[in-house]
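**Q** fold the following and give me the result.
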Amino acid sequence: MVIKVFLASSSGSTAIKKKQQDVVGFLEALKIDYAQLDIASNEDNRMWMRENVPGEKKPTNGIPLPPQIFNEEMYCGDYETFFEAKEDNTVFEFLGLTPPPGSKEAQQAENAQKLHNGSGTEEHLDDDTTKKEIAETEQNGDAHIAELEEDDSIKAETDAQEHIAGEEEPAEEDEESRKPAEEEEQEEGEEDRED
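**A** Below is the predicted model:
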């Protein structure tokens, strides 16, 4: 399968040029075979691209801008959908290709398959903490659950006591009632100094 990237070699838009470079550079970095098809110099390429971009994917003016990406005859998407796939590590899925073994996307697909098949616990068995927790649960049975329930009830009691204590605190005095008290203290302090 060949990935087709429709580009405009003589675009006056720097934004389009950057998007095209981003797509091509990423495909080269992943060593994905692709073909660049120029729509600026080849009318057949331009017409084929315009006819094969699905109606819901075309902009309001009806003319899709490059880069547009296809897998043979199958439409993959434009730059925005490519960028989303790149951010989500799903470029191979976006292109309709099988991810190479060892890639992040292959690992994600493998983990998703494990979870789908119900064997998701196997992927975390290398973690020592998980092994200890499983061993404790097997040894203690329901004792661990009782501990958790007890911890929750203690926390609930503490929260309730703090809430009640918060309601009993006296309201703060406003500034006006504090000013006369401060003035009296200052006067008393001055009288003590005079004596």
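
**Q** okay, residue 20 and residue 62: tell me how far apart.
**A** Separation of residue 20 from residue 62 (C-beta to C-beta, to the nearest Å) stands at 21 Å. Where you see a C-beta, it was placed from the backbone N, CA and C, and this is true even at glycine.

**Q** of those two, who's got more company?
**A** Shown here are residue 20 and residue 62; by other C-beta atoms under 10 Å, residue 20 has more neighbours (21 against 9).

**Q** following element in sequence after the one helix or strand that one maps to, please.
**A** Per DSSP states H and E, residue 20 falls inside helix 14-29. Downstream of helix 14-29, the next assigned helix or strand under DSSP H and E is strand 34-38.

**Q** give the buried residues for that following strand.
**A** Using 16 or more other C-beta atoms under 10 Å as the burial criterion, the residues of strand 34-38 that qualify are 34, 36-37.

**Q** burial of residue 70, as a residue count?
**A** Other residues near residue 70 come to 23 when the count uses other C-beta under 10 Å.

**Q** can we start the residue count at 50 from this point?
**A** Understood, numbering begins at 50; the last thing we discussed is residue 119.

**Q** shouldn't it be within a strand?
**A** Yes. According to DSSP: H, G, I helix; E, B strand; the rest coil, residue 119 belongs to a strand.

**Q** quick one: it and residue 50 touch, right?
**A** No. When contacts are counted by C-beta atoms under 8 Å, residue 119 is not listed as touching residue 50 (10.2 Å).
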